[in-house]
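**Student:** no sequence on hand, only this structure:
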């Protein structure tokens, strides 16, 4: 099981250094696109999504990609592909030279999230109004190729707030079709399709055509097989109040044999929460900073006094945490993906556990004829299980309207 400190120091940091070094080399070789026109030092507050269009002057900084998968991934090539697709959809991006200069000036090595201080400095010095944080959760180049990315858009300025979050995964053999004619063997095709899905979704959000609740989880959404196998929910209704319920998702502990499985699954649960109505999820970069500064490292989850401290430091109503005991990807000595994890949630105002559950799933569970309904990757299975979990959890945290 990896501790929070170990996660912060080791999680994809080598990939971060490599990505930044490659980016610096590109600048030195003058292969980057020319920098955009200078913007005012103090940018206006971020507008609402409905007021934006793909041609909006809202400038987004695309951070170097974090690597959470087991295999080394061509993160620079994937990042370039996604950036190009965003530019094709008229999404304004901060040029790489300006971003790299900012990261070097502030010694910004953490690329898995955004802190308030870093977001404020980024907006003031570059004019960027938001940051795109991306992780490569799965990469397989050999046949069948696979790629999974998780992206979230975080506002810069005084509040690092999650505006949009989405993931995309594709395996070359997930829809082979008649005589295998639909099978994909070229990893470049998989990369193009995955990045296109994410670029389309973000462009729709910026244009106001897609709200953050478009794919919100619910108790009626998804198959029963993706819901928790056992669960406890507090019989007491959530405390009355106004505004959304603020939830902090702590890093999941990891007892599986797959590197970074806890982070991958916690991000998928975070994404399901971010798409839920009446919920505001704290940006992981802010959670990480508080855990570091307060030296809160608790392998079994936070104690009640620690939950009290998190309520004070993060102004959160609920603290959610968990443990991954099994995370098996196809091709890793197993024919089918399989995931086991448990989750608990503490209501910080009532100082009590309001949710506890255990989830288990396999990609071929319940599949009878012709592989219909089979989930081909652990990443896709985790997304479905996260949605099934949050759909059941929401009544325990959402305030009555």
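**Tutor:** Thanks, I have it. What you are looking at is a predicted structure, and each value in this text was computed from that prediction instead of being measured. Numbers count the residues shown, from 1 in each chain.

**Student:** as a check, name the ranges of all strands in the stretch 201-350 of the chain.
**Tutor:** With DSSP state E, counting those that start in this stretch as the criterion, the stretch 201-350 of the chain has strands at 230-233, 245-249, 253-254, 279-281, 318-328, 338-347.

**Student:** partners of the fourth one, with directions?
**Tutor:** Within its sheet, strand 279-281 is paired with strand 245-249 (parallel), according to DSSP bridges.

**Student:** the first one now?
**Tutor:** Strand 230-233 has these partner strands in its sheet, going by DSSP bridges: strand 352-362 (antiparallel).

**Student:** which other helices and strands does the next helix or strand along the chain from the strand it pairs with contact?
**Tutor:** Once the chain leaves strand 352-362, the next helix or strand it forms, by DSSP states H and E, is helix 378-397. When contacts are defined as 3 or more CB pairs under 8 Å, 6 or more residues apart in numbering; DSSP states H and E, helix 378-397 packs onto strand 130-140, strand 162-171, strand 230-233, helix 261-274, strand 318-328, strand 338-347, strand 352-362. Glycine gets a C-beta too; all of them are placed from N, C-alpha and C.

**Student:** tell me the angle helix 378-397 makes with helix 261-274.
**Tutor:** 50 degrees (axes from the mean of the first three to the mean of the last three CA atoms, to 10 degrees).

**Student:** surely residue 258 and residue 331 touch.
**Tutor:** No - between residue 258 and residue 331 there is no contact, the gap being 11.8 Å when judged by CB atoms under 8 Å.

**Student:** more neighbours: the two, which one.
**Tutor:** residue 258 (20 against 16; other CB atoms under 10 Å).

**Student:** for the more buried one, give me phi and psi.
**Tutor:** phi -100, psi 120 (degrees, to the nearest 10).

**Student:** residues contacting it?
**Tutor:** Taking CB atoms under 8 Å, 6 or more residues apart in numbering, we find residue 258 in contact with 70, 327-329, 332, 378.

**Student:** let's see it at 6 Å
**Tutor:** The neighbours of residue 258, taking CB atoms under 6 Å, 6 or more residues apart in numbering as the test, are residue 327.

**Student:** check residue 189 too.
**Tutor:** Residue 189 neighbours (CB under 6 Å, 6+ apart): none.

**Student:** quickly find the element holding residue 81.
**Tutor:** Applying DSSP H and E, one finds residue 81 within helix 75-88.

**Student:** what about that helix, average pLDDT?
**Tutor:** Mean per-residue pLDDT for helix 75-88: 97.

**Student:** what's the helix or strand just after it packed up against?
**Tutor:** Next in sequence after helix 75-88, counting helices and strands by DSSP H and E, comes helix 96-105. Counting contacts by 3 or more CB pairs under 6 Å, 6 or more residues apart in numbering; DSSP states H and E, helix 96-105 is packed against helix 13-28.

**Student:** next SSE after the helix it packs on?
**Tutor:** In N-to-C order, the element after helix 13-28 by DSSP H and E is strand 60-62.

**Student:** got a markdown table for the strands of the stretch 201-350 of the chain, with mean neighbour count and distance to residue 361 too?
**Tutor:** Formatted as a markdown table, these follow (neighbours: other CB atoms under 10 Å; distance: least, CB to CB, whole Å):
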| stretch | mean neighbour count | distance to residue 361 |
| --- | --- | --- |
| strand 230-233 | 14 | 13 |
| strand 245-249 | 22 | 20 |
| strand 253-254 | 24 | 17 |
| strand 279-281 | 22 | 23 |
| strand 318-328 | 22 | 10 |
| strand 338-347 | 23 | 5 |
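
**Student:** between those, which gets nearest to residue 115?
**Tutor:** When these are compared by CB to CB, strand 245-249 sits nearest residue 115, at 14.2 Å.

**Student:** quick one, that closest one and strand 318-328 angle?
**Tutor:** Interaxial angle, strand 245-249 versus strand 318-328 (the same axes, to 10 degrees): 40 degrees.

**Student:** which residues sit in contact with the nearest residue to residue 268 once chain neighbours are set aside?
**Tutor:** Of all residues not flanking residue 268 in the chain, residue 386 sits nearest, at 4.1 Å (CB to CB, 6 or more residues apart in numbering). The contact partners of residue 386, by CB under 6 Å, 6+ apart, come to 268-269, 272.

**Student:** list just the nearest of those to residue 301.
**Tutor:** Taking CB to CB as the measure, residue 301 lies nearest residue 269 of the contacts of residue 386, at 14.4 Å.

**Student:** which non-adjacent residue is nearest that closest one?
**Tutor:** Using CB to CB, 6+ apart and skipping the chain neighbours, the partner closest in space to residue 269 is residue 386 (4.6 Å).

**Student:** same deal with residue 135?
**Tutor:** Nearest non-adjacent residue to residue 135, counting by CB to CB, 6+ apart: residue 66, 4.4 Å away.

**Student:** looks like the one you found contacts residue 109 (just checking).
**Tutor:** No - contact between residue 66 and residue 109 fails when scored by CB atoms under 6 Å: they sit 11.2 Å apart.

**Student:** more neighbours, the two?
**Tutor:** Between residue 66 and residue 109, residue 66 has the larger neighbour count (other CB under 10 Å), namely 24 against 11.

**Student:** so for residue 190, which of the strands of the stretch 201-350 of the chain sits nearest?
**Tutor:** Short answer: strand 318-328, nearest of the strands of the stretch 201-350 of the chain by CB to CB, at 20.8 Å.
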